[in-house]
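Visitor: Give the three-dimensional model of this entry:
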Amino acid sequence: MLYAKDIKLLPKSEKGLQNHFHALDDFYTQRGLVMNLGKIKVLVFHNYAWIRTKCNLILSNRQVEVIESYVSLGFT
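Guide: Numbering: from 1, shown residues only. Model prediction:
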């Protein structure tokens with residue numbers, strides 16, 4: 001495989017997502033793979049806006065951007 005695209009992680013909490021990020025980072029590091037951290041975004045599904053905006057997620061020692069919406073060009 002030359003590249004992976006559009007990986008979707010669906011944990012139930014911020015801590016769960018951070019754990020997924022740690023596992024993903026370890027997986028990539030062990031295999032000598034590189035993530036394009038500029039393209040990684042997080043979309044939080046929650047009724048309260050303040051919860052969506054307070055997420056503090058780190059991947060490869062960088063803050064991950066939290067976005068308000070996402071348009072998927074394809075779904076299978």
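
Visitor: Going by C-alpha atoms from here, please, whenever you check contacts or count neighbours.
Guide: OK.

Visitor: how about the helices of this protein, start to end?
Guide: Along the chain, counting by DSSP state H, helices occupy 14-30, 49-53.

Visitor: Of the ones you listed, which is nearest residue 61?
Guide: Distance to residue 61, taken as C-alpha to C-alpha, is lowest for helix 14-30 among the helices of the chain, at 10.0 Å.

Visitor: Distance from the chain centre to the closest one, please.
Guide: Chain-centre distance of helix 14-30: 9 Å, with C-alpha atoms, centre = their mean, to the nearest Å.

Visitor: for stretch 20-40, same thing?
Guide: Relative to the centre of its chain, stretch 20-40 is centred 10 Å away, using C-alpha atoms, centre = their mean.

Visitor: So what's the residue count around residue 23?
Guide: Residues lying near residue 23 (other C-alpha atoms under 10 Å) number 12.

Visitor: can you check residue 70 too?
Guide: 9.

Visitor: Please report how far the closest residue to it other than its chain neighbours lies from residue 32.
Guide: Spatially, and ignoring its direct neighbours in sequence, residue 70 is nearest to residue 43 (7.4 Å; C-alpha to C-alpha, 6 or more residues apart in numbering). Going from residue 43 to residue 32 by C-alpha to C-alpha, to the nearest Å gives 27 Å.

Visitor: Please identify which of these two sits among more neighbours.
Guide: Ranked by neighbour count (other C-alpha under 10 Å), residue 43 and residue 32 place residue 43 first, with 13 against 8.

Visitor: correct me, but the more buried one touches residue 71?
Guide: No. Residue 43 is not in contact with residue 71 according to C-alpha atoms under 8 Å; the separation is 11.0 Å.

Visitor: which residues do these two both contact?
Guide: Common neighbours of residue 43 and residue 71, using C-alpha atoms under 8 Å, 6 or more residues apart in numbering, do not exist here.
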